[in-house]
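[1] structural data only, the sequence is not supplied:
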């Protein structure tokens, strides 16, 4: 168990050179406007060994990290500014990013990495900046008694997606180890709003009159569970999902289908137990699976990988309660096919609609998920959101001590049915971080346990779907 930390103090790190006058105001793009007003977190864990010393007495390491953070903020200057959501912009005023240090003198990084307690990982990264929601960036450097270091980064989703976050981490690491070639290669661009100008949401989603408060429901406990799908489990899931139109399912497709299928089953069983044989209620329930899709390569022409901002869209697959009941008899392949068809719709034409925010909002306001019956309560829609970080080069970050032994996020116990996929260090596995109602997570955990050790991969055996 991780013991209490000792905070060393909070500092504001400003860019090493002032932001030019013509860059003092960064417009947020339409895609930034669509992003939730939350923070995204990442933690990188580094062990000291005979070839490196993360600590260097900790004082020298601290000086290097702060100096390099100041230098990289000169490149990522919006992260040292302040978000002005009412004006759809970032004021690039060089106010600075928050930098915090902490010590865990009696603990070892190896214990955290080998036996992580998900609820305790939040100690290694700021939940949110102390300065409030207009601060885009806060970092925490944690020093361990084993001479290891954890670097935690908290970045506002209003200004950046996960790829932008990881690109920033790699740029900071490259500056710290004085790798100028890498810094030049990943130098960011900030012109996303030129391609996706902000839109007027009030035209399509006008403010609604306050509605009476809903009847309080029984408190639902949201938990975070981390499931590791190794090469063997993935091979079995992929083989079971393969079919005429999906000959080679991806690992993300296979694990997404596994989770969504069992989540629908758990939710339907719970509703049936609570409502009895109320067929009217069952017909009025719907389920959706949403995947965040990186549009950098899907846009026409493509966006550069280094573009900073929320260069992502979403795909959505839907099914009704009645269809879900039938699908319990469908093959695993059918579920994966439904997800793939939805993801493929996030193509160049779809991205083209996003380039005209007003046109897209007009299209979106008439989509199935905006059915008025979901708003008035005559129908219910249960959404499951998936975000994959599997292809992001987080394990490439090297501050001069070597690459991280583990990269993690933290739990989000306030967001139901939010699932993150993290790639393993070896690159051939997936860590699924599930935030969902405890009883639903338990059902998925039970089916996950059936995948191993008594799994006949050659036969494609999977739990009954």
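    Noted; the coordinates are in hand. Source: prediction; values computed, not measured.
[2] next SSE downstream of the helix or strand of the chain with the lowest mean pLDDT?
    Here the helix or strand of the chain ranked lowest by mean pLDDT, DSSP states H and E is helix 279-283, holding a mean of 53. Proceeding N to C from helix 279-283, the next assigned helix or strand is strand 285-294, under DSSP states H and E.
[3] so what secondary structure elements neighbour that following strand?
    helix 251-275, strand 312-320, helix 321-327, helix 332-344, strand 380-388 (3 or more C-beta pairs under 8 Å, 6 or more residues apart in numbering; DSSP states H and E). Where you see a C-beta, it was placed from the backbone N, CA and C, and this is true even at glycine.
[4] wasn't residue 33 part of a helix?
    Yes - membership of residue 33 in a helix is supported by DSSP: H, G, I helix; E, B strand; the rest coil.
[5] for it, list the residues it contacts.
    Residues near residue 33 by C-beta atoms under 8 Å, 6 or more residues apart in numbering: 88, 198-199, 201, 357.
[6] just those residues: which are in helices?
    Within those, residues falling in helices by DSSP state H are residue 357.
[7] give me the buried subset of the contacts of residue 33.
    88, 198-199, 357 (16 or more other C-beta atoms under 10 Å).
[8] circling back to that earlier point, tell me which of the helices and strands packed on strand 285-294 lies nearest to residue 187.
    Nearest to residue 187, of all the helices and strands packed on strand 285-294, is strand 312-320, at 20.6 Å by C-beta to C-beta.
[9] got a list of contacts for that closest one?
    Everything outside strand 312-320 that qualifies as a contact, by C-beta under 8 Å, 6+ apart, is 31, 161, 163, 264, 283, 285-295, 327, 338-339, 341-346, 350-351, 354, 368-369.
[10] ok, now stretch 61-76?
    11, 13-17, 19, 54-56, 79-80, 96-97, 99, 101, 139, 141, 143, 149, 151, 168, 171-172, 175-176, 183, 187-188, 308, 399-400.
[11] so for that stretch, mean pLDDT?
    The average of the pLDDT scores along stretch 61-76 is 96.
[12] buried residues in it, which are they?
    Residues of stretch 61-76 classed as buried: 61-62, 64-66, 68-76 (neighbour count, 16+ other C-beta under 10 Å).
[13] buried set for stretch 13-33?
    13-15, 19, 24, 26-33.
[14] pLDDT averaged over stretch 199-215 - what is it?
    Here stretch 199-215 scores 59 as its mean pLDDT.
[15] how close does residue 113 get to residue 176?
    21 Å (C-beta to C-beta, to the nearest Å).
[16] do the same with residue 29
    Residue 29 is 29 Å from residue 176, by C-beta to C-beta.
[17] now the nearest residue to residue 43 once chain neighbours are set aside: phi and psi?
    Residue nearest to residue 43 in three dimensions, not counting chain neighbours: residue 152, with 4.5 Å by C-beta to C-beta, 6 or more residues apart in numbering. With angles defined as degrees, to the nearest 10, residue 152 sits at phi -110, psi 130.
[18] these two touch, right, residue 152 and residue 126?
    Yes - assessed by C-beta atoms under 8 Å, residue 152 is found in contact with residue 126 at 7.0 Å.
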